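Engineer: from the sequence below, what's the structure:
(one chain, ligands or ions: 1)
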Amino acid sequence: MKSFFYSLLTGFLLTITTSAKADDGSSLWLRYGPQRQNEVTGVACTAMDELKQNWQGGPVILKRQKKIAKDGYNITTKGDKIIIEAADQNALLYGAFHLLRLQQMGQDMSQLNIQERPAYQLRVLNHWDNPNGTVERGFAGKSIFQFPDAERMKTYARANASIGINGTVLNNVNAKPEALSSENLQKVKQIAEWMRPYGIKVYLSVNFASPMKLGGLDTADPLNPKVVDWWKKKVAEIYKLIPDFGGFLVKANSEGEPGPCDFGRTHADGANMMADALRKHGGIVMWRAFVYNPQSKDRAKQAYEEFMPLDGQFRDNVVLQVKNGPVDFQPREPYSPLFTANMKTPVMVEFQVTQEYLGAANHLVFLAPMWQEFFSYVKPQNLKAVAGVANIGTDTNWCGHHFAQANWYAFGRLAWNPTLSSETIADEWLRQTFNNDERIVRPMKKVMAESHEAAVNYMMPLGLHHIFAGGHHYGPEPWYDVPGIRRDWTPQYYHRADSIGLGFDRTRKGSKAVEQYPDQLCSLFDNIDTCPEEFLAWFHHVPWNHKMKSGRTFWNELCHKYDKGVQQTRQFLAAWDTLQPYVDNQRFDEVQRKLRIQARDAVWWRDACLLYFQGFSHLPIPNDVEHPVHNLDEMMKYKINITMYENPAYGYDK
Ligand code: GCV
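Structural biologist: Numbering: from 1, shown residues only. Model (predicted):
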């Protein structure tokens, strides 16, 4: 009896000691043991400092090896020493972080023989940060660049370098002309100095009308000599301050932003003018292909239609930055057909790390599986570079949700090596961010693996897209409409629900968007019987009674998918609830709170969408799924009163 009480007491104390430690998540995945001086010799650089402080093992030698390709490195064990070889200092740093990762994951390092080469030379984060400190689609507080402090900038740079990110665009693509003011450039210079030791170049988004709004010219026509001269001088000013400045990112003639088309010129004219100004300094232009006009019959076709005729006309220091899907970062989209159009112009993919359409910083949605799905259609070698719209802000834990850090991490790892499995990435991240305890790693790896599909299920299954709330884009509003609003900003434009069925007919008989894909895929998508079911309502107006592979009708399948998503979020919460003894109190509570919101939001999504679409299908919700608990009229009246710069504190149910 005594020993029973004793073990109960020690068990209790152990639980208290492990869970009582509060951890605010500010260290991200960079959690090394107690610092001590270690034997690190060779090239003196940031890699050496990093290892001296954080490496716990035997001697490490950093060696320069000119023959290794840029940014690549080798790590080899030789007797009791570990040798990291690379051609330059940045790559030595990547090697050092690789070694530290192995240390954190408790790996055997007695026989290392690693050769790493990145798939892309440019691996860049895009921050949508505004000069006033707000972040467009930012769910983790304010801009980290508004009042940057050296310590936080250093953690940011280290975190990026640890996953191979080597570029950062500091401001919103909806750029203010002031981004190029001499005053702002001083600030950019300071940030560049903090980034430089970690191999990160800075870039700026620029407003195409800057020569007018900032320079006082009466035009921004890219072929006007005064405009050309203005950009040349501005670029020279930048490089004088920041000799390794990366270049410009441009959103032009899209969603009200100015561009070359305002002056009767093409996107190529605009991009080339800037590229010429940047060329002699080694800078590049990332020109976004995110364009669409309100009159179009199918927004999904537009980037292709607008940019294909310009192929071959861009300078070689221009890269077209194309969103992964043809519409706009929806929970699931087919890839944008520009990626397989065999363009001569280099293209880079733009992923969205911030969860604009995936539950903001409230839902646990691990994005690596979604990005891998993209790479299952688009060969990595077809791309020149990879960009990710950052989910980073001033919140203590950087990303608003502890598990959203995993998306920053995954973005960097996939930009380095797009063939990495999402399971490997989740495993690495969990072990570094929490610990190597299998009781955490195993269940949460499963949750992370299922989380994207779950979100698709409870938000927009079977090819549905763009049925979210207007403005802040959080929560379901398949009914959203405002008098006079452009049609391609309303869900009805996309879901086209009627008494016959649901979905956008993009077949050869419909908008013909399928024809932008290579022949084989075009035929596959075009035929309702061969179209992958996850894209059904993307490419077809699917009859409510269409027979699905499961044997169910389309309507019944839709009900099942929505309900499955709900059940999955409950399982995620249940899995997390059991981890209380193994996770520090603060992170346990914060994640639990978010998972509860997610589970409630999933019910909101399911109920809103099924009840709304039922008004068209006039079919009963099958008895083998949980029936809605909310009332459609009330859900239709419910509004979350926030802007596009903040994370909702709650979902539907407070
Ligand atoms: C930065 C969507 C988002 C906008 C974003 C735009 C873009 O429309 O809702 O916030 O603007 O995409 O990628 O340019």
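Engineer: hey, let's count contacts and neighbours off CA atoms from now on
Structural biologist: Noted.
Engineer: tell me where the model's unsure across the chain.
Structural biologist: In the predicted model, the chain carries pLDDT under 70 at residues 1-20, 654.
Engineer: who touches the residue most central in space within it in this structure?
Structural biologist: In the chain, the C-alpha nearest the mean C-alpha coordinate belongs to Val353, at 1.7 Å (CA atoms, centre = their mean). Taking CA atoms under 8 Å, 6 or more residues apart in numbering, we find Val353 in contact with Leu367, Gly388, Val389, Ala390, Asn391, Asn407, Trp408, Phe411.
Engineer: can you flag the buried ones in these?
Structural biologist: Leu367, Gly388, Val389, Ala390, Asn391, Asn407, Trp408, Phe411 (16 or more other CA atoms under 10 Å).
Engineer: the first one touches Gln405, doesn't it?
Structural biologist: The one in question is Leu367. No. Leu367 lies out of contact with Gln405 (CA atoms under 8 Å); the separation is 10.8 Å.
Engineer: list the helices and strands the helix or strand hosting Ser376 packs on?
Structural biologist: Assessed by DSSP states H and E, Ser376 sits inside helix 368-377. For helix 368-377, the packing partners by 3 or more CA pairs under 8 Å, 6 or more residues apart in numbering; DSSP states H and E come out as helix 405-416, helix 422-433, helix 438-459.
Engineer: pick the most deeply packed of those.
Structural biologist: Highest mean neighbour count among the helices and strands packed on helix 368-377 (mean count of other CA atoms under 10 Å): helix 405-416, with a mean of 26.
Engineer: could you give the angle of that helix to helix 438-459?
Structural biologist: Relative orientation of helix 405-416 versus helix 438-459 (axes from the mean of the first three to the mean of the last three CA atoms, to 10 degrees): 90 degrees.
Engineer: extract the C-alpha set from helix 405-416 and format it as CSV.
Structural biologist: The C-alpha trace of helix 405-416 is given here as CSV (Å, rounded to 0.1, in the frame of the first residue of the first chain):
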residue,chain,number,x,y,z
GLN,A,405,5.3,27.1,-37.2
ALA,A,406,5.4,23.7,-38.9
ASN,A,407,4.2,25.3,-42.1
TRP,A,408,7.0,27.9,-42.1
TYR,A,409,9.4,25.0,-41.4
ALA,A,410,7.8,22.8,-44.1
PHE,A,411,8.0,25.6,-46.7
GLY,A,412,11.7,26.0,-46.2
ARG,A,413,12.4,22.2,-46.3
LEU,A,414,10.4,21.7,-49.5
ALA,A,415,11.9,24.7,-51.2
TRP,A,416,15.3,23.0,-50.5
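Engineer: what residues does Ile467 make contact with?
Structural biologist: Neighbours of Ile467 in contact, by CA under 8 Å, 6+ apart: Met460, Pro476, Glu477, Pro478, Trp479, Tyr480, Thr490, Pro491, Gln492, Tyr494, His495.
Engineer: these two touch, right, the fifth one and Tyr493?
Structural biologist: Spelled out, that is Trp479. No. In this structure Trp479 lies outside contact range of Tyr493 using CA under 8 Å: 10.5 Å.
Engineer: quick one: buried residues of the helix or strand where Val566 lies?
Structural biologist: According to DSSP H and E, Val566 maps onto helix 554-577. Residues 554-570, 572-573, 576 are the ones in helix 554-577 that count as buried (16+ other CA under 10 Å).
Engineer: show me what counts as buried in the biggest helix by length in the chain.
Structural biologist: In the chain, taking DSSP state H as the definition, the longest helix is helix 585-617. For helix 585-617, the neighbour count (16+ other CA under 10 Å) marks 585-588, 591-592, 594-614, 617 as buried.
Engineer: give me the neighbour count for Gly463.
Structural biologist: Applying other CA atoms under 10 Å, we find 24 residues neighbouring Gly463.
Engineer: now do it against the ligand, distance only.
Structural biologist: According to CA to the nearest ligand atom, to the nearest Å, Gly463 stands 19 Å off from the ligand.
Engineer: near the ligand, which residues of this structure show up?
Structural biologist: When proximity is defined as CA under 6 Å from any ligand atom, the chain approaches the ligand at Glu136, Arg137, Val173, Asn174.
Engineer: the second one: how many residues sit nearby?
Structural biologist: Taking other CA under 10 Å as the criterion, the count of residues near Arg137 is 24.
Engineer: tell me the SS of it?
Structural biologist: Assigned by DSSP: H, G, I helix; E, B strand; the rest coil, the conformation of Arg137 is coil.
Engineer: please apply the same query to the last one.
Structural biologist: Secondary structure for Asn174, judged by three-state DSSP, is coil.
Engineer: rewinding a little: neighbouring contacts of the helix holding Ser376?
Structural biologist: 324, 332, 334-335, 351, 407, 410-411, 414, 418-419, 421-422, 425, 449, 452.
Engineer: and Leu320, what are its bridge partners?
Structural biologist: Trp287, Val347 (DSSP bridges).
Engineer: pretty sure it sits against Lys344.
Structural biologist: No. Leu320 is beyond contact range of Lys344, at 10.7 Å (criterion: CA under 8 Å).
Engineer: looking at these two, which is more packed in?
Structural biologist: Regarding Leu320 and Lys344, a neighbour count based on other CA under 10 Å identifies Leu320 as having more, with 26 against 13.
Engineer: measure the more buried one to Arg552 for me?
Structural biologist: Relative to Arg552, Leu320 is positioned 42 Å away (CA to CA, to the nearest Å).
Engineer: and Val441, by the same measure?
Structural biologist: Val441 is 36 Å from Arg552, by CA to CA.
Engineer: then Asp129?
Structural biologist: 46 Å.
Engineer: likewise Gly463?
Structural biologist: In terms of CA to CA, Gly463 sits 17 Å off from Arg552.
Engineer: ditto for Leu217
Structural biologist: 64 Å.
Engineer: again with Ser205
Structural biologist: For Ser205 relative to Arg552 (CA to CA), the value is 49 Å.
Engineer: of these two, which one has the most company?
Structural biologist: Ser205 (27 against 14).
Engineer: so that one sits in a helix?
Structural biologist: No. Read with three-state DSSP, Ser205 is strand and lies in no helix.
Engineer: thinking again about what came up before, list the buried residues for the helix holding Ser376?
Structural biologist: Those would be Ala368, Pro369, Met370, Trp371, Gln372, Phe374, Phe375, for helix 368-377 by 16+ other CA under 10 Å.
Engineer: save those as a markdown table, and put in distance to Thr433 too.
Structural biologist: A markdown table is the format used below for the buried residues of helix 368-377 (distance: CA to CA, whole Å):
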| residue | distance to Thr433 |
| --- | --- |
| Ala368 | 17 |
| Pro369 | 19 |
| Met370 | 22 |
| Trp371 | 21 |
| Gln372 | 22 |
| Phe374 | 26 |
| Phe375 | 26 |
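Engineer: many thanks, have a good one.
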